[in-house]
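Please find the sequence and the predicted model below.
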Amino acid sequence: MSACTVTHVAKELASDITFTIGTTADITNLAARKSAVTFYRCLLRGQSVRAAFKAASAVAAAIDKRVILDIHSKAGADERIVMFRAPQLLARFVDHEFTSRNAAFDFELGLAGASINTRQILICTDDDSFPADETVDLIQTNAINGEVWLERAWTDIEGDFRLYALGCTASGRCYSVAGTLIEAVTNFYNVYFDVDAGGEFPSELKNAIEMLRENDGSLLRPRRAPSSGRELETGSTTRTQKSRPTKKRSKRPLSVAS
């Protein structure tokens, strides 16, 4: 149902419907359409109900400042639920260790949102700083709650780089997803630290992500004054921001699942 000033109706419907959204004032057709599209688009992108509602509320308020959206939940319903999980790359620091070793980190890589009949996942990169035989990793397994993780960690990672995943199903269908290491890390820790519910990344994680970002191999960035410039450690050497990092990477088996 779409109507004006129906927050009281939405509250009553929440006794039988899992989630309902109402407005506290008359809403224009434009604001109603745009906020509804935003809400469902966020859900289809794999965001939680709470995150989708926040985005829709922001759109409605931007169009009409008088309008405030209210969300009501059926007893026991959790607004953090993800109703549709689109395939997305995941990365987590091995043992959640956010402190670098010689300016490098170790990661476990995976995929969320894998279809139930997925049988094989290939994760790869086109980054030329990898050895030629270390750019692809493959696992044959069943997805557990939509998740698939590689059996080996990617180690000695010094900077951000592009990642790709290809999934193959038992019926012969294929699907793919692309992103970066930092995006994959953010996808995982947004859920791990419950960011949608107001959680925050710890400072150590923020620093690690920033270190990966500054060591992505790009050169176009603001110049830092020598007196305040921050030096970046890369491998066994220390270099200033203006130099182009050389990223070494290798892979090793995961001895114990964390």
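Nice, I can see it.

make it CA atoms for all contacts and neighbour counts henceforth
Fine.

which residues of the stretch 1-150 of the chain fall in helices?
Here the stretch 1-150 of the chain has its helices, by DSSP state H, counting those that start in this stretch, at 7-13, 29-44, 49-63.

try the stretch 151-258 of the chain
In order along the chain, the stretch 151-258 of the chain carries the following helices (DSSP H, counting those that start in this stretch): 181-192, 203-214.

Report pLDDT for the residue nearest the centre of the chain.
Of all residues in the chain, the one closest to the mean position by CA atoms, centre = their mean is residue 187, 1.8 Å from it. We have a pLDDT of 92 for residue 187.

what's the answer for the one 3 residues further on, then?
According to the predicted model, the pLDDT of residue 190 comes to 89.

try residue 233
Listed pLDDT for residue 233 reads 46.

cool, residue 86 as well?
Looking at residue 86, its pLDDT stands at 80.

Go ahead and confirm it touches residue 48.
No - with contacts defined as CA atoms under 8 Å, residue 86 does not count as touching residue 48, sitting 11.4 Å away.

Show the end-to-end separation of stretch 129-138, please.
With CA to CA, to the nearest Å as the measure, the first residue of stretch 129-138 is 20 Å from its last.

Give the rounded mean pLDDT of it.
Averaging pLDDT along stretch 129-138 yields 87.

Residue 168 pairs with what?
Residue 168 has the following beta-bridge partners by DSSP bridges: residue 120, residue 174.

quick one: contacts for it?
Residue 168 makes contacts with 118-121, 174-175, as judged by CA atoms under 8 Å, 6 or more residues apart in numbering.

Looking at those residues, which two lie furthest apart in space?
Greatest spatial distance in the contacts of residue 168: 119 and 175, 11.9 Å, computed using CA to CA.

which neighbours do the two share?
Taking CA under 8 Å, 6+ apart as the contact rule, the neighbours common to residue 119 and residue 175 are 167-168.
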